[in-house]
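> Build me a structure from this.
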Amino acid sequence: MASLIEAVQHGADPGELMACEVPESYRAVYLRRADEQLFHGSESPGDKDVRRTLHVGQVPMPELAPDEALVAVMSSAVNYNTVWSALYEPVSTFRFLRQFGRQDRWTARHDLDYQVVGSDAAGVVVRVGSAVRHWSPGDRVVVNPPYIDEQDPVSQRDGMMTNGMLAWGFETNFGAFGDFAVVRASQLVPKPPHLSWEEAACNTLCLGTSYRMLIGDNGARIKAGDIVLIWGAAGGLGSYAVQLVRQAGGIAVGVVGSTAKADLMDRLGCHLVVDRNSVGLGDTGEGDPGSAWKALGSVIRKELGEDPHVAFEHVGKATFETSVNVVRRGGTVVTCGSSSGYQHAYDNRYLWMKLKRIIGSHGANADEACEANRLMRLGMVVPALSRVYPLHEAPEATRSVQLNAHEGKVGLLNLATAEGQGVTDQALRQQVGEERLRLFRDHAAGSSAGSAAGSAGAVTGR
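I've put the predicted structure just below:
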């Protein structure tokens, strides 16, 4: 009899999947509690190399809770939260596992001396718990990362507001970087049929997060004609933000730091691309905010005639003051992260005297995730996948994200044996077009290391 992994890879039907035994262990990429102090006292950022803490090997298969599904992961994708996990900064994620594990016997499974990381996955359901009603073995799915407390009353309004909301594969165990993953049934979303496994795996976290920030009722709620400033436009979050702004009828202003990324954003349809170096924000986004925001605002007004309605923030310390200052009177800064630092400083007069708003945003609730996924299924949004590694090279893939040496999203092949597998709707794929679906990968393949390191021109626009 074929193993469960072989059955999944050969496209077995539900009966065949159920006839296969679930293995006692599986291959995964994990962190060790014993490494928590590895980078302690390191003075140089170059000493903090995530390849030193990410390990690949066999881990035990966990027991499945009644509300969970076991997913055979065909492909996954790297997010910056795995970088944070692997650095054990700003706090070790094993602290999250300890806190989570105190709730009940099911959460206690997560409090281990290792953590399987990763928050984006696509795969096949192979088992479901006794309380799962809407999903069955054989279903092809992607995973929405928020892990919510469905018994908290506020979950009926917005799952992201529950006190028990956690980020799967960051604040929980058994994440995406393995041959199998354990998820709550409420996290499952149908896989877009025209996408390959690796294309489907790279979208959920960043697309859902961008959707909530910009489109959903809980974010900026942009409308036709709104000018949206997008930091890190060529990254995972930014590249989906550019597409959502265009689909909503808005005007996307992308900030990038290289000629290669500026060219990519132009091809994606960004209305205006600004080189961060040209406005005094340097390679890391850091500079003198007092002059940077004026220079950036001047460029935007010169090209578009107006100040931005919205600033799409996830960089944090290095850019936040500029964002607060540069949006127009009554404008909005919506933020979902702080990759350059969590302690933000800005002149509050620019906020209260000009009636601006700051909105905190985190992930996407189930409805937002499904709506964002619908746009992907309709071909209105395309994957931002730029490069794919095999699972055993996940430490190297995560290092590329740590160094910002990538465009869009970086994917991993877990049980998928090659790129391009998993497409079940070729007609829709042809309708969307290979050129659009492969935009980021083809651009990354055609960009030399020299051009990627170069300095972009001051402004490009449409």
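> quick one, helices of the stretch 201-350 of the chain?
According to DSSP state H, counting those that start in this stretch, the stretch 201-350 of the chain carries its helices in the segments 204-214, 236-247, 259-268, 289-304, 320-326, 349-352.
> Packing partners of the longest one?
Judged by 3 or more CB pairs under 8 Å, 6 or more residues apart in numbering; DSSP states H and E, the packing partners of helix 289-304 are strand 227-230, strand 251-256, strand 272-275, helix 320-326, strand 459-461. C-beta coordinates here come from the backbone N, C-alpha and C atoms, glycine included.
> I'd like to know which of these is closest to residue 187.
Taking CB to CB, strand 227-230 is the member of the helices and strands packed on helix 289-304 nearest to residue 187, at 27.0 Å.
> now for that closest one, which elements pack on it?
helix 236-247, strand 251-256, helix 289-304, strand 310-313.
> would you turn the ones you listed into TSV with distance to residue 339 and mean pLDDT?
Putting the helices and strands packed on strand 227-230 into TSV (distance: least, CB to CB, whole Å; pLDDT from 0 to 100) gives the following:
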stretch	distance to residue 339	mean pLDDT
helix 236-247	10	96
strand 251-256	14	96
helix 289-304	17	87
strand 310-313	10	97
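> hang on, residue 383 is in a strand, isn't it?
No: looking at residue 383 with DSSP: H, G, I helix; E, B strand; the rest coil, it is coil, so not inside a strand.
> who are the neighbours in contact with it?
195, 199-200, 202-203, 376, 408-409, 437, 440 (CB atoms under 8 Å, 6 or more residues apart in numbering).
> Mind doing that once more with 7 Å?
By CB atoms under 7 Å, 6 or more residues apart in numbering, the contact set of residue 383 is 195, 199, 202-203, 437.
> wait, residue 14 sits on residue 139?
No: with contact defined as CB atoms under 7 Å, residue 14 and residue 139 do not form a contacting pair (8.6 Å).
> Tell me where the model's unsure across this structure.
1, 43, 45, 282-290, 448-462 (pLDDT under 70).
> re the thing from before, comparing residue 14 and residue 139, which residue is more hemmed in?
Between residue 14 and residue 139, counted using other CB atoms under 10 Å, the more crowded position is residue 139 (18 against 14).
> State whether the more buried one and residue 126 are indeed in contact, as I suppose.
No: look at residue 139 against residue 126 with CB under 7 Å: they stay out of range, at 9.6 Å.
> overlap in contacts of these two?
By CB under 7 Å, 6+ apart, no residue touches both residue 139 and residue 126.
> returning to what we had before: turn the helices and strands packed on helix 289-304 into CSV, including distance to residue 396 and mean neighbour count.
Output for those, formatted as CSV (distance: least, CB to CB, whole Å; neighbours: other CB atoms under 10 Å):
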stretch, distance to residue 396, mean neighbour count
strand 227-230, 28, 28
strand 251-256, 24, 28
strand 272-275, 29, 25
helix 320-326, 31, 26
strand 459-461, 32, 17
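> What is the burial count for residue 119?
Count around residue 119 with other CB under 10 Å applied: 30.
> sorry, that was for residue 224
8.
> hang on, the earlier thing: most tightly packed of the helices of the stretch 201-350 of the chain?
helix 204-214 (a mean of 29; mean count of other CB atoms under 10 Å).
> ok and that helix relative to helix 236-247, angle-wise?
Relative orientation of helix 204-214 and helix 236-247, computed by axes from the mean of the first three to the mean of the last three CA atoms, to 10 degrees: 50 degrees.
> now for helix 204-214, which elements pack on it?
If you count contacts as 3 or more CB pairs under 7 Å, 6 or more residues apart in numbering; DSSP states H and E, helix 204-214 packs onto helix 236-247, helix 366-377.
> ok now stretch 417-427, how far from the chain's centre?
22 Å (CA atoms, centre = their mean, to the nearest Å).
> For that stretch, buried residues please.
419, 421-423 (16 or more other CB atoms under 10 Å).
> hang on, the earlier thing: ok, which of the helices and strands packed on strand 227-230 comes nearest residue 367?
Across those, residue 367 has its closest neighbour in helix 236-247 (15.9 Å, CB to CB).
> and the closest one, how far out from the chain's middle?
Worked out by CA atoms, centre = their mean, helix 236-247 lies 12 Å from the chain centre.
> Not counting its own residues, what contacts that helix?
79, 206-207, 209-211, 214-215, 222, 228, 230-233, 252, 254, 265, 268-270, 312, 314, 375, 380-381, 384, 408-409.
> Kindly calculate the angle that that helix makes with helix 366-377.
Using the same axes, to 10 degrees: helix 236-247 against helix 366-377 is 70 degrees.
> Sheet-wise, list the partners of the lengthiest strand in the chain with their directions.
The strand that spans the most residues within the chain, counting by DSSP state E, is strand 68-78. In the sheet, strand 68-78 lines up against strand 120-128 (antiparallel), strand 180-184 (antiparallel), strand 409-413 (antiparallel) (DSSP bridges).
> Tell me the gap between it and the middle of its chain.
The chain centroid and the centroid of strand 68-78 are separated by 15 Å under CA atoms, centre = their mean.
> can you check stretch 157-165 too?
The chain centre lies 19 Å from the centre of stretch 157-165; the measure is CA atoms, centre = their mean.
> can I have it written out in CSV, keeping just the CAs?
Provided in CSV are the C-alpha atoms of stretch 157-165 (Å, rounded to 0.1, in the frame of the first residue of the first chain):
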residue,chain,number,x,y,z
ARG,A,157,-18.4,40.3,14.7
ASP,A,158,-14.6,40.1,13.9
GLY,A,159,-12.5,37.1,14.6
MET,A,160,-9.4,39.3,14.8
MET,A,161,-10.7,41.0,17.9
THR,A,162,-10.9,37.8,20.0
ASN,A,163,-8.6,37.8,23.0
GLY,A,164,-7.3,34.4,22.0
MET,A,165,-6.3,35.3,18.4
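> picking that back up, go through the contacts of residue 383 and name the one nearest residue 187.
Nearest member of those to residue 187, counting by CB to CB, is residue 203, at 14.1 Å.
> Distance of that closest one relative to residue 379?
Distance, residue 203 to residue 379, by CB to CB, to the nearest Å: 13 Å.
> Contacts only, for the residue nearest to residue 24 when sequence neighbours are not counted.
Distances taken as CB to CB, 6 or more residues apart in numbering place residue 61 nearest to residue 24, at 5.7 Å, with adjacent residues excluded. Listed by CB under 7 Å, 6+ apart, the contact set of residue 61 reads 22-26, 180.
> pretty sure residue 227 contacts residue 309?
Yes: at 5.3 Å, residue 227 and residue 309 qualify as touching, with contact defined as CB under 7 Å.
> Can you report how many residues neighbour residue 114?
19.
> my guess is it contacts residue 30, does it?
Yes: counting by CB under 7 Å, residue 114 touches residue 30, with 4.5 Å between them.
> shared neighbours, those two?
residue 59.
> Find the residue closest to residue 65 in space, skipping its chain neighbours.
Nearest to residue 65 is residue 106, by CB to CB, 6+ apart, at 4.4 Å.
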